[in-house]
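A.B. asks: Sharing a model that was predicted from the sequence below.
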Amino acid sequence: MIEVGRVCMKTAGREAGKFCVILDVMEDGYVLVTGPKAATTVKRRKCSLHHVEPTPETVKIKKNATDDEVLAAYKQAGLFSKFGTKEPTAKDVEKAKDAERKRATKAKEEKAKPKAEKKEDKPEEKKAEPKKEEIKKEEKPKPKAEKKEKPKAEKKPAKSAAKKTTKKAKK
């Protein structure tokens, strides 16, 4: 039942309740899915089989198809009207592509940065530690304030000897 082109519904995560298409079946119970993002807001990502629920619908796509090919297959199968979702406009598709390009270039730039530069970019929040001599000066004992004596509370009367003996007898 799990195959390339199978339309599924995500059941877990932030994309729960959204439709997606399986692009590849991986080992260890994982699949590669896409919405595509322009149509259903589901990103192309690796997903556990436990987090998708297959539907009876399939689309004709090849393994690892592009989002444009998946959109064309959605239109051909008439899934937008069947699932009650709106078909994305050309503007929506371009917007999703631009966002993906920006994310990809940012990821490449992060990988290209040497580790030393990455550390310099983050400001250090550590404060300079005081020297041992300064700590000793600060820790001088302060004169103790005289304690004020509080009036002692009256003691409760002692329990009678008869009650004590009955407790011992019960044991």
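C.D. replies: On my side now, so go ahead. Numbering: from 1, shown residues only.
A.B. asks: from here on, contacts and neighbour counts on C-alpha atoms
C.D. replies: Will do.
A.B. asks: For the longest helix along the chain, buried residues please.
C.D. replies: Determined from DSSP state H, the single longest helix within the chain is helix 90-112. Buried residues in helix 90-112, counted by 16 or more other C-alpha atoms under 10 Å: 93, 96.
A.B. asks: pLDDT averaged over it - what is it?
C.D. replies: Helix 90-112 shows a mean pLDDT of 79 in the predicted model.
A.B. asks: contacts for it?
C.D. replies: 37-38 (C-alpha atoms under 8 Å, 6 or more residues apart in numbering).
A.B. asks: do stretch 21-41 as well
C.D. replies: 2-8, 15, 18-20, 42-49, 62-65, 67, 70-71, 85-88, 92-93, 95-96.
A.B. asks: mind running it again at 7 Å?
C.D. replies: Applying C-alpha atoms under 7 Å, 6 or more residues apart in numbering, the external contacts of stretch 21-41 come out as 3-8, 18-20, 42-49, 63-65, 67, 70, 87-88, 92-93, 96.
A.B. asks: Of those residues, keep whichever come out buried.
C.D. replies: The neighbour-count test (16+ other C-alpha under 10 Å) marks 4-8, 18-20, 42-44, 46-49, 64, 67, 70, 87, 93, 96 as buried among those.
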